[in-house]
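A.B. asks: quick one, what's the 3D model for this:
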Amino acid sequence: MSLSIRLFKQRQRFAAAHFTIYPNGEAERLHGHNYTAEVVLHAKQQNLEDGLLVPFHVVKDSINKICDEWNERVLMPAKSRFLTIEESGTQYEIHLQTPTVTKRYSIPKEDVVLLDCDNISSENMAVVTLGAFLDRLPQSVRNVTDKVTVTISEGPGSEASIEVEVPRSKSNGGDVAAPGRE
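C.D. replies: Residues are numbered from 1 along each chain as shown. All right, here's what the predicted structure looks like:
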């Protein structure tokens with residue numbers, strides 16, 4: 001028998017700016033969303049100890065730290081083929097060059113989070129969030145959790161989810177590959 005716990009609290013939110021670059025080279029304007037992050041842990045019922053799978057606060061702390069780090073920031077993909085990101089003192093100089101768009105941004109480094117992905121899309125946000133979540137998940141929770149689902153929503157009706165089996169070793173936490181890119 002399988003058991004799931006779903007964690008979605010008020011603190012599991014962050015406001016961030018981004019733009020998405022489309023395969024044809026078009027790019028959105030820099031804009032923001034009030035994102036939400038939801039986590040579901042899946043386990044076998046026999047993993048329960050005294051009627052508990054895991055202490056909720058441990059899981060909430062892990063996802064809340066990610067939301068806090070990304071709140072009120074500009075999210076940029078560190079691996080985009082269309083971006084060049086250079087450090088210049090306290091600024092990031094960001095050059096967007098596609099066949100149809102040329103833009104330059106100069107943003108204070110403290111306001112930018114470089115994410116380990118090629119584009120800031122809901123799909124990639126779910127993948128990156130899952131990797132960051134697994135990196136922060138204590139071993140005691142990993143030992144009793146079979147699968148984790150992370151859902152990132154950029155607003156009502158616009159969300160992406162990813163579900164993976166939980167690696168028992170923390171060293172695999174950041175190695176979550178995007179679907180189709182394994």
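A.B. asks: longest strand of this protein?
C.D. replies: Ordering each strand of the chain by length in residues (DSSP state E) puts strand 31-44 first.
A.B. asks: so the residue nearest the centre of the chain: helix, strand or coil?
C.D. replies: In the chain, the centroid-proximal residue (CA atoms, centre = their mean) is residue 129; its distance is 2.1 Å. What DSSP: H, G, I helix; E, B strand; the rest coil gives for residue 129 is helix.
A.B. asks: next one: it from residue 140, what distance?
C.D. replies: Applying CB to CB, to the nearest Å, the value for residue 129 to residue 140 is 21 Å. Where you see a C-beta, it was placed from the backbone N, CA and C, and this is true even at glycine.
A.B. asks: swap in residue 146?
C.D. replies: Taken as CB to CB, the span from residue 146 to residue 140 is 15 Å.
A.B. asks: just to revisit the earlier point, what is the burial count for the nearest residue to the residue nearest to the centre of the chain once chain neighbours are set aside?
C.D. replies: Counting by CB to CB, 6 or more residues apart in numbering, residue 150 is the residue found nearest to residue 129 once chain neighbours are left out, at 5.2 Å. Using other CB atoms under 10 Å, residue 150 has 26 neighbouring residues.
A.B. asks: same question, residue 26
C.D. replies: By the criterion of other CB under 10 Å, residue 26 has 12 neighbours.
A.B. asks: once you drop chain neighbours, what's closest to it?
C.D. replies: In space, residue 26 is closest to residue 100, 5.7 Å off (CB to CB, 6+ apart).
A.B. asks: so that neighbour makes contact with residue 23?
C.D. replies: No: counting by CB atoms under 8 Å, residue 100 stays clear of residue 23, with 11.6 Å between them.
A.B. asks: report the secondary structure state of the residue nearest to residue 26.
C.D. replies: coil.
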